[in-house]
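[1] after the sequence you'll find the predicted model.
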Amino acid sequence: MKKKILVLFFTGHLVLIFFQAFWANLDSYWSFHYDETLKIPVLSMFKQNRYTEPYYIFSGINTGYGFYGTHTSTEKYLKIIYLDANDKKIKSDRYFELTGTNAIMRLEGYASFLTNYVAETEKLIELDTTDVSDTSPEVVKLRKRYNYRKDYVVKTLKWLGKQKAKDIPNCTSYTVKIITIVPENVWNRNRNTKPNIYVVQEGTFPVQ
């Protein structure tokens, strides 16, 4: 009996995974070509809504391909550029001289974390409806939190390149960038088009 229950559970779970993938693609296609939300009465009951959302979130189905596949999300990475006294580029490095696969994967994961962190900070500030002249303790604490989040990213970029820059001859400063590749339009894909690069945030620091 226990085995039958487990079989039914995992079968239902896999069906929801395939349904979510199918619905996401179909809905994207429909909204792109017809500029409206796809509505199919029976199937709409199983898509992510207020009734099914708790399970979708708990199981991770709502995260889509990024949860069930590898290297499927938009690529994000860090890049350091070493500069001389005239701000001329000496060399650049995307991997910070890391060579191991595990180390490089961790670096890419951290780049993804920083990108999301910057986006979350911007969203928090955008959603803040408090008045500029409001100096109540709660608001002051909230604004300090925003500044802390922004300073965290700046100091992280500075720390990432600090030691490496000292080892580069004639290097007087360095720039560290958080970069993401802008997703291409899958419906109007041009195979000859180079991917668009977007700098999420960057900072230039003197060698100390």
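    Now that the structure is in, tell me what you want to look at. Residues are numbered from 1 along each chain as shown.

[2] for the protein, name the helix or strand with the lowest mean pLDDT.
    helix 65-68 (a mean of 50; mean pLDDT, DSSP states H and E).

[3] so this structure: which segments form each domain?
    Annotated domains of the chain cover 2-68, 76-206 [automatic domain parsing].

[4] mean pLDDT for these: which is lowest?
    Note on these: domain 2-68 shows the lowest mean pLDDT, a mean of 73.

[5] check contacts around residue 162.
    205, 208 (Cβ atoms under 8 Å, 6 or more residues apart in numbering). Backbone N, C-alpha and C define where each C-beta goes, glycine included.

[6] how does it look with 6 Å?
    By Cβ atoms under 6 Å, 6 or more residues apart in numbering, no residues touch residue 162.

[7] do you have the strands of this structure handy? List them.
    Per DSSP state E, the chain carries strands over the ranges 76-83, 89-93, 173-182, 196-206.

[8] make JSON lines from the ones you listed and add mean neighbour count and distance to residue 13 to it.
    Shown next, in JSON lines, are the strands of the chain (neighbours: other Cβ atoms under 10 Å; distance: least, Cβ to Cβ, whole Å):
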{"stretch": "strand 76-83", "mean neighbour count": "20", "distance to residue 13": "29"}
{"stretch": "strand 89-93", "mean neighbour count": "13", "distance to residue 13": "43"}
{"stretch": "strand 173-182", "mean neighbour count": "19", "distance to residue 13": "32"}
{"stretch": "strand 196-206", "mean neighbour count": "14", "distance to residue 13": "35"}
